[in-house]
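[1] Based on what follows, work out the 3D shape:
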Amino acid sequence: MRSSNPVFSRRGFSRDNGYAGFNAAPQAGGPAVGTQGNPYAQGAPGASQSGNPYAQNPYAQNPYAQQDLQHGAPPQAPPAAGRMTMDDVVARTALTLGTVTVGAVLAWVLLPVTSTSFGLAIGSALIAMVFALVQAFKRKASPPLILAYAAFEGVFLGVISEMYNSRWSGAPFQAVLGTLAVSGATLLIYKAGWIRVTARYARIGMAIAIAFVLVMAVNLLLVVFGVADDGGLRSMGPLGAIVGILAICLGAFFLTLDFKQIEDGIAYGAPRDESWLAAFGLTMSLVWIYLEMLRLVAIFSGND
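    Numbers count the residues shown, from 1 in each chain. Below you'll find the model as predicted:
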């Protein structure tokens, strides 16, 4: 049974044993080895489809769901029409990040640093958040929705980056370099096998992330109502730096979930449209890391 949690469902998690059922032991009378745990595989012939949430999926006929029973090799999914490939993920991620970049550059060039532009940035961020939430709860990817999110997110990033640059010259460039370093290091660690993305890993990480967001929301309210001074936990001092480093670590955690989603989607023959969701997830994770890196650079730069 798939999880009712939209985050876990989107990334292939289930409440059964293992990650998306991939680590679950074969059950007597269950689906054939190689199809078990594959959300894109067809149920065993003649088996009851009542418990299979993918039985009516038009992509349920998975030609790659068979594995070498003699050698016990994992299922492999060579490229096929209608199936997600790494090229699809790269192309759609480049398009999404490119839209973010274009929006940011235009906002930087066309909007001067004023209270009005700051208001536009906040408005753009709220619109982008709405688009992101709508897409997160949709069952299928919506490219126009994802690109609209990217455009408004880009406007927000452009204005905020310009404001930081006016106070701490070069901070956005350093934040971009930091984001590339964190994402590159996370990918290397993931590919090296030092991090194994399992259901337990994801549950613990998501619990920490949710707690972090709730604490930051309470901190924001305390700052707004004057209870906490100098930004509270998000101050420009050592405490703010610690919180920023924790936030960047959470961003790296989100990236590992994205990498696992992409890896499994390709291996198990996910529909090509899933590559848009992969691009969407990667973009949100990278934006998170960039914003936290931007703030961290400002903290370490002090009042210079």
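[2] Could you use CA atoms for every contact and neighbour count after this?
    OK.
[3] For the longest helix seen in the chain, list every residue counted as buried.
    Ordering each helix of the chain by length in residues (DSSP state H) puts helix 238-267 first. By neighbour count with 16 or more other Cα atoms under 10 Å, helix 238-267 contains the buried residues 240-241, 243-244, 247-262, 264-267.
[4] Stretch 211-220 now?
    Residues of stretch 211-220 classed as buried: Met216, Asn219, Leu220 (neighbour count, 16+ other Cα under 10 Å).
[5] And stretch 171-185, by the same measure?
    Here stretch 171-185 shows Ala171, Pro172, Gln174, Ala175, Val176, Gly178, Thr179, Val182, Ser183 as buried, counting by 16+ other Cα under 10 Å.
[6] State the next helix or strand along the chain beyond the host helix or strand of the fifth one.
    Taking DSSP states H and E as the definition, Val176 sits inside helix 171-191. Remark: after helix 171-191, the chain's next helix or strand is helix 199-224, criterion DSSP H and E.
[7] Alpha carbons of stretch 139-151, as PDB, please.
    C-alpha atoms of stretch 139-151 as PDB (Å, rounded to 0.1, in the frame of the first residue of the first chain):
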ATOM      1  CA  ARG A 139      -0.900  13.100  -9.400                       C
ATOM      2  CA  LYS A 140       0.700  14.100 -12.700                       C
ATOM      3  CA  ALA A 141       3.300  16.500 -13.700                       C
ATOM      4  CA  SER A 142       2.200  19.800 -15.200                       C
ATOM      5  CA  PRO A 143       5.000  21.400 -17.200                       C
ATOM      6  CA  PRO A 144       3.300  24.800 -17.500                       C
ATOM      7  CA  LEU A 145       2.800  24.800 -13.700                       C
ATOM      8  CA  ILE A 146       6.400  23.800 -13.000                       C
ATOM      9  CA  LEU A 147       7.700  26.500 -15.400                       C
ATOM     10  CA  ALA A 148       5.400  29.100 -13.900                       C
ATOM     11  CA  TYR A 149       6.800  28.200 -10.500                       C
ATOM     12  CA  ALA A 150      10.300  28.600 -11.800                       C
ATOM     13  CA  ALA A 151       9.600  32.000 -13.400                       C
END
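[8] now the helices for the chain?
    Ranges of helices in the chain, per DSSP H, are 6-10, 86-110, 115-136, 143-167, 171-191, 199-224, 238-267, 274-301.
[9] would you turn the ones you listed into TSV with mean pLDDT and distance to Gly232?
    Supplementary listing: the helices of the chain in TSV, determined by pLDDT from 0 to 100; distance: least, Cα to Cα, whole Å:
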stretch	mean pLDDT	distance to Gly232
helix 6-10	42	29
helix 86-110	95	29
helix 115-136	92	20
helix 143-167	95	19
helix 171-191	96	22
helix 199-224	92	6
helix 238-267	94	8
helix 274-301	95	14
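[10] can those go into CSV with extra columns for distance to Gly231?
    Rendered in CSV, the data for the helices of the chain read as follows (distance: least, Cα to Cα, whole Å):
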stretch, distance to Gly231
helix 6-10, 30
helix 86-110, 25
helix 115-136, 18
helix 143-167, 16
helix 171-191, 20
helix 199-224, 6
helix 238-267, 8
helix 274-301, 12
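[11] Can you name the residues in contact with the helix holding Val176?
    161-162, 164-165, 195-196, 252, 255-256, 259, 286, 289-291, 293-294, 297-298 (Cα atoms under 8 Å, 6 or more residues apart in numbering).
[12] Any of those buried? List them.
    Judged by neighbour count, with buriedness set by 16+ other Cα under 10 Å, the buried members of the contacts of helix 171-191 are 161-162, 164-165, 252, 255-256, 259, 286, 289-291, 293-294, 297-298.
[13] Tell me the one among those residues nearest to Leu147.
    Of all these, Leu147 sits closest to Leu286, with 15.2 Å by Cα to Cα.
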